[in-house]
Structure formats: structure tokens, C-alpha cells
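Student: Sharing a model that was predicted from the sequence below.
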Amino acid sequence: MTIAPDSSRNGSSQYRAMREVVEHAWDGLPGKFEITKEGIVHDMMTPGGPHEVTAAHISRRLERRMPDELLAHTGTPDVEHEPEGILRHPDVIVLAWTDLDVEGSVDPRTLIAAIEIVSRSNPENDWVGKTRDYPLLGIPVYAIFDPRTGTGAVLSDIHATPDGPRYATRKEFVYGEDVTIAEWTISTEGLPRYE
């Protein structure tokens, strides 16, 4: 579900108002809240089962390949870019330990990659909204794993377009194949699917 912003407010105050709504809603409502250019996105289902298992497998497989000063983090915090009015919560973020050691949200420009496991209840958020937002935030690699179909894609090579920054390269994969995310190749063998 997306809640659209009031177009009569200026960008900065509108974003702060949406941020306040998200902060208060987080404590009492189930699911995940994010802020996009279109408004507040509420994924009403709390991730579980195949979603969380996929995130854990990807994190562990990446960390086996990466140098010790990097991690594939599956917890909070969010990535936020207030000037763009965007607050996102990737399922896995690849970054340096030192860039995680901050109060509040992580600067999205410090990420090496963002990884999403497509939500059963709101797949457009991962396939459309984040494909638009992540290059705008400067995240160089965006990997999407879709347990609904057993497929995915890795997007990279940000370039300028008339509609703003977009990913120029898209490499699709099928579960069971190896996939390269940034500099590291991992197996997708045995990743769970939604039933």
C-alpha cells in the first residue's frame, strides 16, 4: 500500500512529516514502512519464512567471499537521503564495518550493494520502486531475488537519463545459477521459494 504525499507542501517539510508518521507507525503496526518519491510504502506483511531464509543465505554466502572489513548486513538500520526525500530498508546491505558504525540511518552512498528479496504482498515495491530509487540514492549495485518465481536480476552501471539516474546493466538469473553481486560470485542453489 502507498500513501501519497500532499503536493501543496514543500519537499523538505513534507518529507519530515512523512518521516514522523513512519517513526510513530513503526512501533504499533505490523510490516515495514519506507518513504519514496510517491509517498509512504507499507508492506503490511512482516517478512518471514522463505524471505528471511533467503536473506540469511545470501548474507552468509557473500561474507564467505568478501574481505573481513566488509559485511553483508541483514538487520537495521535504514538507508536515508533526506534531500531526495527517500527512506528505504534493504533486506541486505553490503558495506564496510566503519560505514555501519553510525547513529541513525546509513548514508546510501556508502553502500557497495543493496539486495532485496521480493515481498509476496508487494512485489512492485522491489521490482519498480526500488529500481527507480536505488540509482537515485547512488547505490551502485542492486540485486533482486524473487522467491515467487525462482528468478532474479542484478542491476548496475548507473547513468544519467532524462528521468534521473537509472541502472544501465541488467543481468537476469534463475535460481540454481551462480550470480555475481559487485565483485563476488555466489550460488543461488537451494534458495527457498514461496509456496
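Tutor: Alright, I've got the coordinates.

Student: make it CA atoms for all contacts and neighbour counts henceforth
Tutor: OK.

Student: gap between the helix or strand that Arg64 is a member of and the chain center?
Tutor: Arg64 is part of helix 50-65, with elements assigned from DSSP states H and E. Averaging C-alpha positions (C-alpha atoms, centre = their mean, to the nearest Å) puts helix 50-65 14 Å from its chain's average.

Student: Mind jotting down where the helices sit in the protein?
Tutor: Remark: helices assigned in the chain by DSSP state H are 11-28, 50-65, 97-100, 123-124, 130-136.

Student: least reliable of those going by mean pLDDT?
Tutor: Of all those, the minimum mean pLDDT falls on helix 11-28 (a mean of 70).

Student: need the contact list for Arg109.
Tutor: Leu137, Gly138, Ile139 (C-alpha atoms under 8 Å, 6 or more residues apart in numbering).

Student: for the residues you listed, which one is nearest His51?
Tutor: Ile139 (21.9 Å; C-alpha to C-alpha).

Student: Counting neighbours, what do you get for that closest one?
Tutor: 22 (other C-alpha atoms under 10 Å).

Student: what's the answer for the one 5 residues further on, then?
Tutor: Each residue near Ile144 was counted by other C-alpha under 10 Å, and the total is 22.

Student: So it is in contact with Glu124, correct?
Tutor: No: using C-alpha atoms under 8 Å, Ile144 makes no contact with Glu124, being 11.7 Å away.

Student: sorry, back to before: mind giving me the packing neighbours of the helix holding Arg64?
Tutor: In terms of contacts (3 or more C-alpha pairs under 8 Å, 6 or more residues apart in numbering; DSSP states H and E), helix 50-65 is packed against strand 70-73, strand 113-117, strand 184-187.

Student: returning to that earlier point: which one of the helices of the chain lies nearest to Val179?
Tutor: Closest approach to Val179 among those (C-alpha to C-alpha): helix 50-65, 10.5 Å.
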